[in-house]
Every structure is written in structure tokens, then in C-alpha cells.
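> sharing a model prediction with you, sequence too.
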Amino acid sequence: MTGLIDKVKKLKFQPLFGLSSKHLQMIISAYIPTGRAPPSKQWFVDIGNGDKLSCEVSIPPTWKENHKTIALIHGLGGSHTSRYMIRMARKLYKRGSKVVRINLRGCGSGKGFSKLPYSAGNSDDLLKVLQALKKESPHSEITVIGFSLGGNTALKLAGELGSDAETLVKTFIAVCPPFDLEQTVLSIQQSKYRLYHQYYLKNIFKQASSWITQKFNSIYEFDDKVTGPIWGFSGAQDYYRSCSCKNFLSKIRVTSHLICAEDDPFVPLGGLKDIPSSNHVHFWTTEYGSHMGFLGRTRHAWKFQWMDHLLLDWIDEKF
């Protein structure tokens with residue numbers, strides 16, 4: 001068992017000319033047109049107590065039972081309509097993979113189908129989706145890709161399952177996961193990132209409108225008064241301590257790949273030396289890329305979504 005920081009492998013990422021700024025990387029990537037989503041059908045998964053998760057499932061005409069299934073999980077304030085979800089779904093669909101865009105509780109096409117709002121710790125919901133997928137297509141290899149908060153949920157599940165994860169998932173991939181939820185929330189709430197904080201807060205309020213009757217001034221306050229207590233925690237700190245994926249990395253027994261940028265404003269990498277990690281976890285970093293940005297040169301002319309091409313390579317086991 002080694003510390004996560006001891007496992008770091010550097011990746012070559014060259015930002016587009018003039019886009020080395022972490023702010024430009026994040027902002028521009030959030031507003032670039034995504035193109036059309038692949039054709040999909042809404043698929044409900046029973047998660048207990050009368051609640052359901054809504055997934056958007058895209059199956060290419062050429063897909064067969066022994067072909068790949070890729071499950072995508074969005075981040076904080078996102079849904080199946082998030083730009084990165086649509087981009088990846090379209091590219092994977094064109095390559096012949098079955099793509100499942102999972103909406104966390106109350107998100108996207110799942111609004112109104114859950115009594116409780118989602119949390120970063122809802123790994124059991126993800127487990128139910130994966131079990132349903134495996135039951136439908138037992139010979140299809142499943143790769144799970146979690147983005148930001150979705151990456152935290154995916155890694156938490158991988159650790160909870162231990163060696164049992166191999167019966168469901170071939171590979172877990174996490175993009176910019178918040179290893180320490182409290183540290184990430186406090187980073188977002190810094191005054192210099194006020195605009196980003198307001199953006200996330202607005203999306204959270206919109207998704208949680210059915211469960212709240214008042215406005216909150218910060219994500220931390222929302223988690224302290226709403227998310228934490230609703231899910232049985234004493235408050236935000238208890239919720240963050242219990243659900244941060246850093247506590248589960250040492251228990252992972254299935255191949256897992258993590259990618260972060262060293263200039264990510266919300267996921268500071270300074271404290272990683274104290275996080276134990278199993279040998280099944282592979283940690284990759286880039287000097288630039290910000291949080292979910294990674295706009296840079298690829299081997300394909302005129303294509304600059306470097307993150308997308310990296311993930312496609314990883315799915316094909318090209319490292």
C-alpha cells in the first residue's frame with residue numbers, strides 16, 4: 001500500500017495557444033457548443049422506496065451483447081444534458097459502444113422521481129444501475145466514467161465493493177474527482193472564485209427546488225442544513241468525512257484510473273501524500289487543464305477536446 005501522490009504519472013498535455021490559463025480552460029470548455037446527443041431512450045432503475053433513477057441509454061444499431069457498455073456519471077449541478085456527457089456519449093456511440101448517461105437523483109430526465117436529493121455518497125444508487133445493466137447484458141464489459149462529483153461516487157463504490165467489483169465493472173475512470181469533499185467545497189467558496197461558486201449554487205438550488213424553502217449563501221451551508229441531515233449525517237463535516245472518496249482508495253481491487261490537472265482550482269493536490277491507495281489505482285496528472293477543461297492539441301487535426309480522446313484511448317486500454 002502506497003500514498004496516492006507516490007503513484008503519480010505525468011501526461012503530456014499541451015493547451016491550445018493562449019489557453020494555458022485555468023480560468024479560460026474551464027470557462028471556454030463549459031460554453032463550447034457540444035453538437036447533438038446520440039439517439040437515446042429513457043430507462044428507469046428502481047433504487048428502492050418507490051424512487052427511480054432516470055438513465056438515457058444509447059444503443060448503436062451494430063451493438064451486440066458482447067460489446068462494451070460505458071456508464072457516464074455527471075458532476076455537481078449536472079445531468080445527462082451536460083456538455084461533457086453529450087460529447088462523450090456521441091463519440092462512444094459512433095464507436096459502437098452502448099452508452100448509459102446516468103442522472104443522479106432528481107437530475108435531468110429524473111426530476112420528480114426521487115423523494116430525496118442526490119449526494120456525493122450515493123454509491124448504492126450507482127450499484128443498482130450497474131447490477132441492472134449486468135443483468136440485462138451479462139456478457140458486456142462495463143466501464144464507469146465519473147466526472148468531478150460523479151468520479152467521487154464511482155471511486156467510493158469501487159472501494160466499497162472491493163474484489164466483488166470485478167463481477168460488475170472492468171474499469172473505473174474518474175475525471176477531476178474531489179478526493180476531499182470539504183477541501184473542494186472550501187476551495188470553490190474562496191472569494192476569488194465567487195463567480196464559479198454562484199454558478200454551482202444556482203444549479204444546486206434549481207435541482208433541489210422540491211426540497212428547500214429557503215436560500216442558502218454557500219454550498220457548505222446547503223450541505224450542512226440540507227444534504228447532510230437528509231442523508232443521516234449530523235452536518236456538512238460529517239457528510240464530507242463519510243463520503244469523500246479518499247477514504248476508499250485503499251480498498252479498491254479493480255483497475256481504476258484517475259486524471260487531474262495540477263492547476264485545478266477546486267481539487268488541490270497538495271494533501272495527496274497522506275491518502276493511502278491500492279495498487280489497482282492509477283493516478284495521472286497534467287500541468288494544465290483546470291477543472292474539466294483539457295482543451296489542447298490531440299493527434300487528430302482540428303480536434304481539441306483532449307480529455308475526450310484520452311478517455312477513448314483508456315477505454316481501448318491504450319495508455
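Alright, I've got the coordinates.
> ok, which stretches of the stretch 151-300 of the chain are helices?
Secondary structure of the stretch 151-300 of the chain by DSSP state H, counting those that start in this stretch: the helices cover 181-188, 194-207, 219-222, 228-230, 236-243.
> now render these as a markdown table, adding mean pLDDT, mean neighbour count and distance to residue 39.
C-beta: built from backbone N, CA, C; applies to glycine. Converted to a markdown table, the helices of the stretch 151-300 of the chain look like this (pLDDT from 0 to 100; neighbours: other CB atoms under 10 Å; distance: least, CB to CB, whole Å):
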| stretch | mean pLDDT | mean neighbour count | distance to residue 39 |
| --- | --- | --- | --- |
| helix 181-188 | 96 | 21 | 35 |
| helix 194-207 | 93 | 16 | 25 |
| helix 219-222 | 97 | 19 | 35 |
| helix 228-230 | 95 | 17 | 35 |
| helix 236-243 | 98 | 20 | 35 |
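> need those helices in JSON lines with distance to residue 319, can you?
Putting the helices of the stretch 151-300 of the chain into JSON lines (distance: least, CB to CB, whole Å) gives the following:
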{"stretch": "helix 181-188", "distance to residue 319": "27"}
{"stretch": "helix 194-207", "distance to residue 319": "32"}
{"stretch": "helix 219-222", "distance to residue 319": "35"}
{"stretch": "helix 228-230", "distance to residue 319": "38"}
{"stretch": "helix 236-243", "distance to residue 319": "29"}
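> residue 42: which of these is closest?
helix 194-207 (17.8 Å; CB to CB).
> output the contacting helices and strands for the closest one.
Counting contacts by 3 or more CB pairs under 8 Å, 6 or more residues apart in numbering; DSSP states H and E, helix 194-207 is packed against helix 181-188, helix 219-222.
> including distance to residue 212, could those helices go into JSON lines?
Listed next are the helices and strands packed on helix 194-207 as JSON lines, based on distance: least, CB to CB, whole Å:
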{"stretch": "helix 181-188", "distance to residue 212": "17"}
{"stretch": "helix 219-222", "distance to residue 212": "8"}
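> and of those, who's closest to residue 256?
Of the helices and strands packed on helix 194-207, the one closest to residue 256 (CB to CB) turns out to be helix 181-188, at 18.3 Å.
> just the C-alpha atoms of that closest one, please, in CSV.
Taking Å, rounded to 0.1, in the frame of the first residue of the first chain, the C-alpha atoms of helix 181-188 are listed here in CSV:
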residue,chain,number,x,y,z
LEU,A,181,-15.2,17.0,-0.4
GLU,A,182,-14.7,19.5,2.3
GLN,A,183,-11.5,20.8,0.9
THR,A,184,-13.1,21.1,-2.6
VAL,A,185,-16.1,22.9,-1.3
LEU,A,186,-14.0,25.4,0.7
SER,A,187,-11.8,25.9,-2.4
ILE,A,188,-14.8,26.8,-4.6
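> off-centre distance for it?
On the basis of CA atoms, centre = their mean, to the nearest Å, helix 181-188 sits 16 Å off its chain's mean C-alpha point.
> could you give the angle of it to helix 194-207?
Helix 181-188 and helix 194-207 meet at an angle of 120 degrees, taking axes from the mean of the first three to the mean of the last three CA atoms, to 10 degrees as the criterion.
> give me the low-pLDDT residue ranges for the stretch 101-250 of the chain?
In the predicted model, the stretch 101-250 of the chain carries no residue with pLDDT under 70.
> again, only this time at 90
Where the stretch 101-250 of the chain drops to pLDDT under 90, the residues are 206, 208-215.
> with adjacent residues omitted, what lies nearest to residue 307?
When the adjacent residues along the chain are set aside, residue 307 lies closest to residue 294, with 3.7 Å between them (CB to CB, 6 or more residues apart in numbering).
> hmm, residue 13 and that neighbour touching each other?
Yes. With contacts counted by CB atoms under 8 Å, residue 294 reaches residue 13, the gap being 6.6 Å.
> and the helices of the stretch 151-300 of the chain: which comes nearest residue 62?
Short answer: helix 194-207, nearest of these by CB to CB, at 35.3 Å.
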